[in-house]
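Q: Based on what follows, work out the 3D shape:
(chains A and B)
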Number of protein chains: 2
Amino acid sequence: MQKIKTFTEQEFSWPHDFYSDGTNCGLRTGRPDLGWIYSKTPAHAAGVYTTNRFCAAPTKLTKQLITQNQLLQCVLMNSVIANSFTGAQGVAAVQAEQQAVATKLGIAPELVGVASTGLIGAYLPLHKITQGITQLELTKKTTVTRAVLTTDTHPKTCCVTIKIAGQPCTITGFAKGSGMIHPKMATMLAFITTDAAIEAATLQSLLSELTTSTFNQITVDGDTSTNDMVVTLANGASKTPLLTPTSPDFANFKAAYHHVLKSLAQQIAADGEGATKLVEANVASAKTAAEAQAVAKAVVGSNLVKAALFGADPNWGRIISTLGATSASFSPDKIDLSLNGHLLIQQSQPLSFDKELVSQSLQKDKVYINLELHAGQASGQAWGCDLTYDYVKINASYSS
Amino acid sequence: MQKIKTFTEQEFSWPHDFYSDGTNCGLRTGRPDLGWIYSKTPAHAAGVYTTNRFCAAPTKLTKQLITQNQLLQCVLMNSVIANSFTGAQGVAAVQAEQQAVATKLGIAPELVGVASTGLIGAYLPLHKITQGITQLELTKKTTVTRAVLTTDTHPKTCCVTIKIAGQPCTITGFAKGSGMIHPKMATMLAFITTDAAIEAATLQSLLSELTTSTFNQITVDGDTSTNDMVVTLANGASKTPLLTPTSPDFANFKAAYHHVLKSLAQQIAADGEGATKLVEANVASAKTAAEAQAVAKAVVGSNLVKAALFGADPNWGRIISTLGATSASFSPDKIDLSLNGHLLIQQSQPLSFDKELVSQSLQKDKVYINLELHAGQASGQAWGCDLTYDYVKINASYSS
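A: Purely as a prediction, here's the structure:
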């Protein structure tokens, strides 16, 4: 497999023929709140969306466009207000946004997707949005990665290059978290752009497959948002050969794309509301991958486990109790558990361990929980964060 | 229907021929940690138990005794250490406890149940327990209701009398919470005693039915414990006629029993770890009772809803988002929502409201969330609490 070249946030760049911008249109003060991404030519598009039944107007529109046409050229996005649960007025707002972007760019409205994140039940001040659209330009800046943030403390980005038929090709993604995160099918907002040449159906199939083990495996608080979506645009501007499942470089592209999705997913979990650390659960020797993923997600989703990890408390009983509440296949007398590499339970026998030492290791900004179920060959991962005073503080006063 | 006479905590009393005691045996300092309840004659027994697959040794034993014999005369109980995930040593400890009680009381060991709550994975100091058993007496004191408490701030008790064939009959229950509470079938520890005459099969059927709408409808943190059980003992000492489903007073007994279970369930939720208020969700006009209960439980279980209520923030979008993530039958454009009697959403249209006024009402120690789904005739309730700094504080350092 080809080595994936990754870039730091500072080296982040857009693929060929992708442009972007962000601005402040007055939804909040002092930070960008509106932005777009744009491809010089219509790009093949794939998406996954929230399963919440109060799907927000912008998410509905973008889903409809991608489903019908598999093409998008621009996505407009804003933070602060989710335009969710806003009825006919919300739908009209989305259409007005779409039209304003299409007019400014001189492209068809059906090539313009819209995404919003923020407070549910508030109406978009449309005059601010349309005024903001007039300020947006086609640049190579990264302001859009900050324009979509809400309670996130920093942007989540991932940029990689691989070679396809010997020619460089870029995949660049960004995302926002960081509360109401417990995706059932997709999550939050994430956008991935690439100049690889790949058809929408192939891209959709890859995105759906890889979402299962990346965005669907993170949880911050067990709540599923109304506005979640992950959208990928591929414009072929790298001039590399068309990728199909039988291409020699398909596996390399898939690995690089997977890397971007997983990196963004981990960054979202690590920057969960109030979080001080990323928690990764690795479940091995499970009967099926789905069971391994379910156990891993249950463990990183337990409030009691999360609070214990905030306190750097190696209270493994809570991990065991969470495992016991799942329906995964395992024999209750064969479990191995380690925390940050310290084996605490072997064949379901608690081992004596240096509590001080393990507690010290739990103070790091990344915690690994490894479970062996001894029920099969499959494995799965999930990512979450600790439960802190700041989570409560942030969420006790969000709409005020 | 007969009026149920309830008693305050000060007026709490045991039914005829039930005795109890509590003591400190040194598992912790300054508070009782060991106790028992005892019936002068073997009592008909019914129970519901945790569905956690790491069911603790004491819970397993008590479940086995009730399932096999439907009779118990005494239940020994301790806090601090759960005797869970303790393997063969844990099983041996439970048998030793059972034998020590049987010897002291001069009854058969198979009439002695055992219950434990506290830290998972720690071994019981058996010499302290057996020494403690020698201190226990047959009294009418209520110390046992405090001996089972862990992070609870106060005992949960409920005592009612009704008349059966004109004669008084008492039902007295107590319970402990207050973390790791999100029962799937039963919850925590709760014991209900009655001097009514009722056979074990009838009692079991009532307990199983009523648990669905009481203990199974509370949640503190979404975690299911390894030691949960609800046990009811009926000794017939009131000398009232045998209750069967066709008895004239059966409905009255059922209502009174339901009252006790529901009261204990609500008290547990209200005293959830760190909680400042009880949250009650009432879901009406649902298609089925199961769907109504599932929606109600999802709403009181949402971390985001719980944190908003701690902050007295009428952020109804989080309630709507939680509803949207359920699989209940409803049309997304027909929902009504009120908070503490203030109608905020009608036919899925957000209404303008006095945010200050609603926020003030949310500062009370009980919050009502009422949802109308307009999908049928069924209704359901659930109880939870707010998510606070103290929840995090308590759980970041539980085992230390």
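Q: Which neighbouring elements make contact with the longest strand anywhere in chain A?
A: As assigned by DSSP state E, the longest strand anywhere in chain A is strand A:34-49. Contact partners of strand A:34-49 among helices and strands, from 3 or more C-beta pairs under 8 Å, 6 or more residues apart in numbering or on different chains; DSSP states H and E: strand A:18-23, helix A:57-69, strand A:71-78, helix A:126-135, helix A:143-147, strand A:189-194, helix A:200-213, strand A:229-234. All C-beta spots, glycine's among them, are computed from the backbone N, C-alpha and C.
Q: Those into TSV, with extra columns for mean neighbour count, mean pLDDT and distance to residue B:207?
A: TSV is the format used below for the helices and strands packed on strand A:34-49 (neighbours: other C-beta atoms under 10 Å in any protein chain shown; pLDDT from 0 to 100; distance: least, C-beta to C-beta, whole Å):
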stretch	mean neighbour count	mean pLDDT	distance to residue B:207
strand A:18-23	22	95	60
helix A:57-69	20	92	45
strand A:71-78	25	94	53
helix A:126-135	17	97	57
helix A:143-147	23	93	56
strand A:189-194	28	81	48
helix A:200-213	18	82	41
strand A:229-234	28	81	46
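Q: right, and these - which one's nearest chain B?
A: helix A:57-69 (11.1 Å; C-beta to the nearest C-beta).
Q: Need the CA coordinates for the closest one. PDB is fine.
A: The C-alpha coordinates for helix A:57-69 follow below in PDB (Å, rounded to 0.1, in the frame of the first residue of the first chain):
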ATOM      1  CA  ALA A  57     -34.200  22.400   5.800                       C
ATOM      2  CA  PRO A  58     -30.600  22.900   4.500                       C
ATOM      3  CA  THR A  59     -29.700  19.200   5.100                       C
ATOM      4  CA  LYS A  60     -32.900  18.100   3.300                       C
ATOM      5  CA  LEU A  61     -32.100  20.300   0.300                       C
ATOM      6  CA  THR A  62     -28.500  19.200   0.000                       C
ATOM      7  CA  LYS A  63     -29.500  15.500   0.400                       C
ATOM      8  CA  GLN A  64     -32.100  16.000  -2.300                       C
ATOM      9  CA  LEU A  65     -29.700  17.600  -4.700                       C
ATOM     10  CA  ILE A  66     -27.000  15.000  -4.300                       C
ATOM     11  CA  THR A  67     -29.500  12.100  -4.500                       C
ATOM     12  CA  GLN A  68     -31.000  13.500  -7.700                       C
ATOM     13  CA  ASN A  69     -28.000  14.900  -9.600                       C
END
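Q: Let me know the angle separating it from strand A:71-78.
A: Using axes from the mean of the first three to the mean of the last three C-alpha atoms, to 10 degrees, the direction of helix A:57-69 lies 180 degrees away from that of strand A:71-78.
Q: relative orientation of helix A:57-69 and helix A:200-213 in degrees?
A: Going by the same axes, to 10 degrees, helix A:57-69 makes 130 degrees with helix A:200-213.
Q: Quote the end-to-end distance of stretch A:214-231.
A: End-to-end distance for stretch A:214-231: 14 Å, by C-alpha to C-alpha, to the nearest Å.
Q: need the helices and strands packed on strand A:34-49 in a markdown table with distance to residue B:5, can you?
A: Written out in a markdown table, the entries for those read as follows (distance: least, C-beta to C-beta, whole Å):
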| stretch | distance to residue B:5 |
| --- | --- |
| strand A:18-23 | 67 |
| helix A:57-69 | 55 |
| strand A:71-78 | 60 |
| helix A:126-135 | 61 |
| helix A:143-147 | 63 |
| strand A:189-194 | 57 |
| helix A:200-213 | 57 |
| strand A:229-234 | 57 |
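Q: and the ones you listed as CSV, adding distance to chain B?
A: Output for these, formatted as CSV (distance: least, C-beta to the nearest C-beta, whole Å):
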stretch, distance to chain B
strand A:18-23, 25
helix A:57-69, 11
strand A:71-78, 16
helix A:126-135, 17
helix A:143-147, 21
strand A:189-194, 15
helix A:200-213, 17
strand A:229-234, 15
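Q: Show me which residues of the stretch 201-350 of chain A sit near chain B.
A: Within the stretch 201-350 of chain A, the residues that sit near chain B (C-beta under 8 Å from any C-beta of the partner chain) are A:221-226, A:301-304, A:307-308, A:310-311, A:313-318, A:320-326, A:332-333, A:348-350.
Q: Which ones among those map onto helices?
A: Members of those lying in helices (criterion: DSSP state H): A:301, A:303-304, A:307-308, A:310, A:317-318, A:320-324.
Q: residues contacting the most centrally placed residue in chain A?
A: Geometric centre of chain A, nearest residue: residue A:265, 4.3 Å, by C-alpha atoms, centre = their mean. For residue A:265, the contact set (C-beta atoms under 8 Å, 6 or more residues apart in numbering or on different chains) comprises A:175, A:187, A:214-215, A:217-218, A:383.
Q: how far away is it from chain B?
A: Separation of residue A:265 from chain B (C-beta to the nearest C-beta, to the nearest Å): 19 Å.
Q: What number of residues are in the vicinity of the closest residue in space to that residue that isn't next to it in sequence?
A: What sits nearest to residue A:265 in space, not counting adjacent residues and going by C-beta to C-beta, 6 or more residues apart in numbering or on different chains, is residue A:214, at 4.4 Å. When neighbours are counted by other C-beta atoms under 10 Å in any protein chain shown, residue A:214 registers 26.
Q: what do you get for residue A:197?
A: 20.
Q: With adjacent residues omitted, what lies nearest to it?
A: Nearest to residue A:197 is residue A:236, by C-beta to C-beta, 6+ apart, at 3.7 Å.
Q: Please, which helix or strand holds that neighbour?
A: Using DSSP states H and E, residue A:236 sits in no helix or strand.
Q: need the contact list for it.
A: When contacts are counted by C-beta under 8 Å, 6+ apart, residue A:236 is found next to A:41, A:43-44, A:195-198, A:242.
Q: Show the contacting residues for residue A:253.
A: Contacts of residue A:253 (C-beta under 8 Å, 6+ apart): A:162, A:164, A:169, A:196, A:198, A:243, A:247.
Q: Surely residue A:255 is within a helix?
A: Yes - Residue A:255 sits within a helix when classified using DSSP: H, G, I helix; E, B strand; the rest coil.
Q: thought it was touching residue A:4?
A: Yes - the pair residue A:255 / residue A:4 is scored as a contact, 6.5 Å apart, by C-beta atoms under 8 Å.
Q: For the residue of chain A most remote from its centre, which three-state class applies?
A: Distance from the centre of chain A peaks at residue A:352, with 38.5 Å (C-alpha atoms, centre = their mean). What three-state DSSP gives for residue A:352 is coil.
Q: what residue ranges in the stretch 1-150 of chain A score low on pLDDT?
A: A:1, A:9 (pLDDT under 70).
Q: in it, what residue is nearest chain B?
A: residue A:120 (2.7 Å).
Q: list the contacts for residue A:247?
A: Per C-beta under 8 Å, 6+ apart, neighbours of residue A:247: A:164, A:241, A:253.
Q: Give the burial count for the closest residue to the second one other than its chain neighbours, as a bare number.
A: The one in question is residue A:241. Of all residues not flanking residue A:241 in the chain, residue A:165 sits nearest, at 5.0 Å (C-beta to C-beta, 6+ apart). For residue A:165, the neighbour count with other C-beta under 10 Å is 13.
Q: distance of residue A:165 from residue A:206?
A: 18 Å (C-beta to C-beta, to the nearest Å).
Q: from what I can see residue A:291 touches residue A:379, true?
A: No - look at residue A:291 against residue A:379 with C-beta under 8 Å: they stay out of range, at 10.1 Å.
Q: contacts for stretch A:128-137?
A: A:21-27, A:33-36, A:76, A:78, A:93, A:96-97, A:100-101, A:104.
Q: again, but for stretch A:79-96
A: Counting by C-beta under 8 Å, 6+ apart, A:27-28, A:33, A:54, A:56-58, A:60-61, A:114, A:116-126, A:129-130, A:147-150, A:176, A:225-227, B:317, B:320-321, B:333, B:348-350 sit against stretch A:79-96.
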